[in-house]
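Colleague: sequence unknown, structure follows:
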């Protein structure tokens, strides 16, 4: 009998909690970055490509240097470059945010797959987990409470981002740019500069989210690594009502939805496995359908295309 089976049904919420943190960490990072991007009045649908480029870069640098933290830093750097590219191109006349985001998603994904071909077999050093389950002798408990360090950093970043958007001069000016471009220009602000900075920050966060995938869970590089989490994070931002603190709960909710099916399968209940595996995507679809209601979205920046 396995440890998971020995715990019985008590193992289900424990496994869901552990899965929520593992799967929710990249969602948390990507959604935090996209929140800042959308606060500036721009939406970036290319985060899936940035996420994969970050995952590939982090894995490659960790493999080459033996330092997973250096891999995370490199992933953030690649994300900054892709974010700045998106921001600069979208600042040109007659360039659509949505179309450019899709183009960046396809380009980033294709480039990551091409450059990452030699990385499919090797094993790179991963980020060390924070062991909170040392008090238990049950392996399943220890595994569930082995916390991703990027999750802790994501929690800190969520509250820091909330504070920065509401209490700093840069954050307040960024929100003015996102709510009214005309008002921002009247105050002498450059919407283009603020939006490029916001998309660069969003790209950096997406890159770190990718590093979480390749260096923590599942902890390897493959072409099927993301499963659409970059796109899912855009819906998660809307679900969180553009509040960085709510991104924590939203990320855990979507991550927990992804963990239900594996948790039940570990106990031997495989009936409806594929239906439950589709739950996070059903949640994403429900959020997007909710956007179809007429009228402005509550909490959405005024310049965001959702309100037009």
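Modeller: Ah, there it is. What you see is a predicted model, and the numbers here were worked out from it, not measured in a lab.
Colleague: so where is the stretch 51-200 of the chain shaky, pLDDT-wise?
Modeller: 138, 140 (pLDDT under 70).
Colleague: Would you state the strands of it in chain order?
Modeller: Using DSSP state E, counting those that start in this stretch, the strands of the stretch 51-200 of the chain run over residues 130-131, 146-147.
Colleague: In its sheet, which strands sit next to the first one, and in what direction?
Modeller: As defined by DSSP bridges, the strand partners of strand 130-131 come to strand 146-147 (antiparallel).
Colleague: separation between residue 97 and residue 90?
Modeller: For residue 97, the distance to residue 90 (Cβ to Cβ, to the nearest Å) stands at 5 Å. For the C-beta atoms, the positions are set from N, CA and C on the backbone; glycine is no exception.
Colleague: Name the residues contacting each of those two.
Modeller: Taking Cβ atoms under 8 Å, 6 or more residues apart in numbering as the contact rule, the neighbours common to residue 97 and residue 90 are residue 42.
Colleague: contact partners of stretch 187-200?
Modeller: Against stretch 187-200 from outside (Cβ under 8 Å, 6+ apart): 36-37, 39-42, 44, 80, 83-84, 86-88, 90-91, 173-174, 176-177, 181, 184-185.
Colleague: Of the residues you listed, which qualify as buried by neighbour count?
Modeller: Buried members of these, scored by 16 or more other Cβ atoms under 10 Å, are 36-37, 39-42, 44, 80, 83-84, 86-87, 90, 173-174, 176-177, 181, 184.
Colleague: residues of whichever strand or helix holds residue 20 that come out buried?
Modeller: Using DSSP states H and E, residue 20 maps to helix 11-39. The neighbour-count check on helix 11-39 (16+ other Cβ under 10 Å) flags 11-12, 14-39 as buried.
Colleague: and if you look at stretch 121-130?
Modeller: Residues 124, 126-127, 129 are the ones in stretch 121-130 that count as buried (16+ other Cβ under 10 Å).
Colleague: Need these in a markdown table (columns: distance to residue 199).
Modeller: Listed next are the buried residues of stretch 121-130 as a markdown table, based on distance: Cβ to Cβ, whole Å:
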| residue | distance to residue 199 |
| --- | --- |
| 124 | 28 |
| 126 | 29 |
| 127 | 26 |
| 129 | 31 |
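Colleague: Just give me the closest of the residues you listed to residue 49.
Modeller: Among the buried residues of stretch 121-130, residue 124 lies closest to residue 49 (Cβ to Cβ), at 21.0 Å.
Colleague: measure that closest one to residue 159 for me?
Modeller: Counting by Cβ to Cβ - residue 124 and residue 159 are separated by 31 Å.
Colleague: What of residue 152?
Modeller: Distance of residue 152 to residue 159, computed by Cβ to Cβ: 12 Å.
Colleague: what do you get for residue 66?
Modeller: When Cβ to Cβ is the yardstick, residue 66 and residue 159 sit 32 Å from each other.
Colleague: same thing with residue 199?
Modeller: 22 Å.
Colleague: So for those two, which residue has more residues nearby?
Modeller: Each of residue 199 and residue 159 has its neighbours counted (other Cβ atoms under 10 Å); residue 199 has more, 35 against 12.
Colleague: Please name the spatially closest residue to that one (chain neighbours excluded).
Modeller: In this structure, residue 199 finds its nearest non-sequential neighbour in residue 87, 3.6 Å apart by Cβ to Cβ, 6 or more residues apart in numbering.
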